[in-house]
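Participant: predicted model follows, preceded by the sequence.
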Amino acid sequence: MTYSSVVSRESVRIAFLIAALNDIDLLAADVGNAYLNAPTKEKVYIITGPEFGPEEGRVAVVVRALYGLKSSGAQWRSHFASTLRDLGFQSCLADPDVWLRPATKASGDEYYEYILVYVDDLLVCSHNAAQILQELQDRYKYRLKDVGPPKRYLGAKIDRFELDHNCSTWSLSAQEYLEKALPIVEQRQGTLPINKAHTPLPSGYHPELDESSFLSPDGVELYQSYVGTLRWAVELGRIDLTFATSLMARFAACPREGHMENIIHIFAYIKKHIRSKLVFYPYIRDWSNVQWIEHEWDEFYPGAQEVIPPNAPTPRGKPVQINLFCDAAHANDYITRRSTTGIIIFLNGAPISWYSKRQNTIESSTFGSEFVALKIATEQNEALRYKLRMLGIPIAGASNVFCDNKSVVQNVTDPASTLSKKHNAICYHKVRESVAAGVQRIAFEKGMYNVADFLTKNLVPSKLKDCCRCALF
């Protein structure tokens, strides 16, 4: 194995939320010359150069995991993992680069301390984070740099965000990352036309219908680099760019001039709306006004219950509420007639995961495409619940799932409802069994209020603003 530690961005977002929810500190640090702390896995011989002085020309054995050796990343990961185990931390089975250890505050509140590792970048979540980092320096002799509250993490700018009731949380912004990217784009493409950039892509635009000339090899490479920049901005919290980026990325192998023009349009939109940020709002949302439908399911799915991992740690800390919105744009690819799925998942009021992708099958009706989307949402919900349990985070009841198709909601919430389209049987039973097991409860949400709408299609400016207000600040 030649990989290093790479914590998932979803786990990072969860850590910021949990820190705000349980009122514990976050400290970041960088391990200086990290790889050199680990021994090499193989015996590596070199012939010394002139920098060795009188020892030049002699055969030497490399005993440390030098930068550039193929196995150095994995050796550093293994070495640091043994250090964390020695400190009493254990690796999370849902994300092996998140390490947790039970802890108790002076007030008696129990929770888990976390250390998130991304190669040599550490993020420590604890009421006594400074002591953990100090122990790494004093006892294990790691040279830590830039120790303090996180200001930047994986390219994102991190800030404290003041809420009502004298409470604060964390925010994550791609602004600095994009401010560095925009001058490079303008240097190559000229001044970006921001006057008409009210949305990431023009309303009604379909790149699959573009018949302009193909780009040159240099143009293709440039287009791919722009897509990569946008993809990372999406990872850093620019949820409003998710659909446009996913749509334009479909043509990265063989883009046309019209595709390049619309990629530039996305950057113009970014320049006009560069200050959007993701805020980890820690409060549970009130759904008391929603009409949740409850039925007895034993006759249809006897013994259905959520599978709780037997090796999950005991839950500690305040519980989190899962809120999920899903949507589908039926047959909105005019060439293949495949639909697009859009899903956004909130923990309490904080967006944690978002998804926009063309479906793998062609559905003959809106009902079918919405059912496929709901099945994908169910699988993502189950995966997130598993991760939260393996992180030792309590979950507040069933996940709240919202869909804007009444027929689908009726089919999955009423035990007596039958399926008339048999090719959707897998989706039908997957979602219904999850409802019967108490994993999720599903309610109808009007399309005009469905937050996932901007992950499935190009919206008009007013509707896009409404969706962004629910997910971004």
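Facilitator: Happy to help now that I have it. A quick note: this is a predicted structure, and the numbers were derived from the prediction, not measured.
Participant: now do the same for the residue nearest to residue 290 when sequence neighbours are not counted: its pLDDT.
Facilitator: Sequence neighbours aside, residue 443 is the residue nearest to residue 290 in space, at 5.0 Å (criterion: CB to CB, 6 or more residues apart in numbering). For the C-beta atoms, the positions are set from N, CA and C on the backbone; glycine is no exception. Note on residue 443: pLDDT of 95.
Participant: got it, and the one 4 residues further on?
Facilitator: Residue 447 is assigned a predicted lDDT (pLDDT) of 88.
Participant: so which helix or strand takes in the residue nearest to residue 290?
Facilitator: Assigned by DSSP states H and E, residue 443 belongs to strand 440-444.
Participant: quick one: strands adjacent to that strand?
Facilitator: Using DSSP bridges, the strands paired with strand 440-444 are strand 399-403 (parallel).
Participant: tell me which helix or strand comes right after the partner strand.
Facilitator: Sequence order places helix 406-413 as the next helix or strand after strand 399-403, per DSSP H and E.
Participant: distance check, the residue nearest to residue 290 against residue 281.
Facilitator: 21 Å (CB to CB, to the nearest Å).
Participant: so these two - more neighbours on which side?
Facilitator: Neighbours per residue (other CB atoms under 10 Å) separate residue 443 from residue 281, with residue 281 holding more: 21 against 15.
Participant: could you list the low-pLDDT ranges of this protein?
Facilitator: Scanning the chain for pLDDT under 70 picks out the ranges 1-2, 165.
Participant: which residue ranges of it form helices?
Facilitator: For the chain, helices defined by DSSP state H occupy the ranges 9-21, 72-86, 129-138, 175-189, 217-235, 242-249, 257-272, 366-390, 406-413, 425-436, 461-471.
Participant: for the last one, buried residues please.
Facilitator: Counting neighbours by 16 or more other CB atoms under 10 Å, one finds that the buried residues in helix 461-471 are 463-464, 467-468, 470-471.
Participant: please apply the same query to the second one.
Facilitator: Of the residues in helix 72-86, those buried under the neighbour-count criterion (16+ other CB under 10 Å) are 72-81, 83-84.
Participant: adding distance to residue 413 as columns, could you present those residues in JSON lines?
Facilitator: Formatted as JSON lines, the buried residues of helix 72-86 follow (distance: CB to CB, whole Å):
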{"residue": "72", "distance to residue 413": "53"}
{"residue": "73", "distance to residue 413": "48"}
{"residue": "74", "distance to residue 413": "48"}
{"residue": "75", "distance to residue 413": "52"}
{"residue": "76", "distance to residue 413": "50"}
{"residue": "77", "distance to residue 413": "45"}
{"residue": "78", "distance to residue 413": "49"}
{"residue": "79", "distance to residue 413": "52"}
{"residue": "80", "distance to residue 413": "48"}
{"residue": "81", "distance to residue 413": "45"}
{"residue": "83", "distance to residue 413": "50"}
{"residue": "84", "distance to residue 413": "45"}
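Participant: okay, among those, which ones form the most distant pair?
Facilitator: Using CB to CB, these reach their maximum pairwise distance at 72 and 84, which is 18.6 Å.
Participant: apart from its neighbours in sequence, what residue is nearest residue 240?
Facilitator: The nearest residue in space to residue 240 (CB to CB, 6+ apart) is residue 468, at 5.3 Å.
Participant: how far away is residue 277 from residue 157?
Facilitator: 8 Å.
Participant: what of residue 126?
Facilitator: With CB to CB as the criterion, residue 126 and residue 157 are 23 Å apart.
Participant: neighbour-wise, which of those two wins?
Facilitator: The residue with more neighbours, out of residue 126 and residue 157, is residue 126; 22 against 19, by other CB under 10 Å.
Participant: enumerate every residue touching that one.
Facilitator: Counting by CB atoms under 8 Å, 6 or more residues apart in numbering, residue 126 touches 24-25, 103, 113-114, 132.
Participant: so which of those wins on neighbours?
Facilitator: Going by other CB under 10 Å, residue 114 tops the contacts of residue 126 with 27 neighbours.
Participant: roughly how far apart are it and residue 15?
Facilitator: 6 Å.
Participant: what do you get for residue 214?
Facilitator: Residue 214 is 44 Å from residue 15, by CB to CB.
Participant: between those two, who's got more neighbours?
Facilitator: residue 15 (22 against 12).
Participant: which one is the more buried one nearest to, not counting chain neighbours?
Facilitator: Nearest to residue 15 is residue 125, by CB to CB, 6+ apart, at 5.1 Å.
Participant: now residue 179
Facilitator: residue 274 is the one closest to residue 179 (CB to CB, 6+ apart), at 6.9 Å.
Participant: now do the same contact list for the closest residue to residue 98 other than its chain neighbours.
Facilitator: Of all residues not flanking residue 98 in the chain, residue 92 sits nearest, at 4.3 Å (CB to CB, 6+ apart). Contact analysis of residue 92 by CB under 8 Å, 6+ apart lists 98-100, 387, 390-391.
Participant: try 10 Å this time
Facilitator: Applying CB atoms under 10 Å, 6 or more residues apart in numbering, one finds that residue 92 lies in contact with 7, 11, 98-100, 112, 114, 116, 312-313, 387, 390-392.
Participant: take those residues and keep only those in strands.
Facilitator: If you go by DSSP state E, those have 98-100, 112, 114, 116 in strands.
Participant: and which of the residues you listed is nearest to residue 398?
Facilitator: residue 112 (23.1 Å).
Participant: surely the closest one touches residue 19?
Facilitator: No - with contact defined as CB atoms under 10 Å, residue 112 does not count as touching residue 19 (11.3 Å).
Participant: between those two, what contacts are shared?
Facilitator: What both residue 112 and residue 19 touch, as defined by CB under 10 Å, 6+ apart, is the set 125-126.
Participant: look up how far residue 448 lies from residue 459.
Facilitator: Applying CB to CB to residue 459 and residue 448 gives a distance of 11 Å.
Participant: ok, the two, which is more surrounded?
Facilitator: residue 459 (20 against 9).
Participant: tell me the contacts of that one?
Facilitator: Contacts of residue 459 (CB under 10 Å, 6+ apart): 199-201, 203, 240, 243, 453, 465-468.
Participant: for stretch 398-417, buried residues please.
Facilitator: By neighbour count on 16+ other CB under 10 Å, the buried set for stretch 398-417 is 398-405, 407-409, 411-413.
Participant: with stretch 211-226 instead?
Facilitator: 215, 219-220, 222-223, 226.
Participant: between these, which is nearest residue 291?
Facilitator: So of those, ranked by how close each gets to residue 291 (CB to CB), first place is residue 226, at 45.1 Å.
Participant: that closest one reaches residue 248, doesn't it?
Facilitator: Yes - assessed by CB under 10 Å, residue 226 is found in contact with residue 248 at 8.5 Å.
Participant: how many neighbours does residue 98 have?
Facilitator: 28.
Participant: which residue of the protein sits farthest from its center?
Facilitator: residue 54 (53.3 Å; CA atoms, centre = their mean).
Participant: residues contacting that residue?
Facilitator: Neighbours of residue 54 in contact, by CB under 10 Å, 6+ apart: residue 48.
Participant: the closest residue to residue 243 other than its chain neighbours and residue 265, how far apart?
Facilitator: Take residue 243 and drop its neighbours on the chain: the residue closest to it by CB to CB, 6+ apart is residue 356, 4.7 Å away. From residue 356 across to residue 265, the span is 18 Å (CB to CB).
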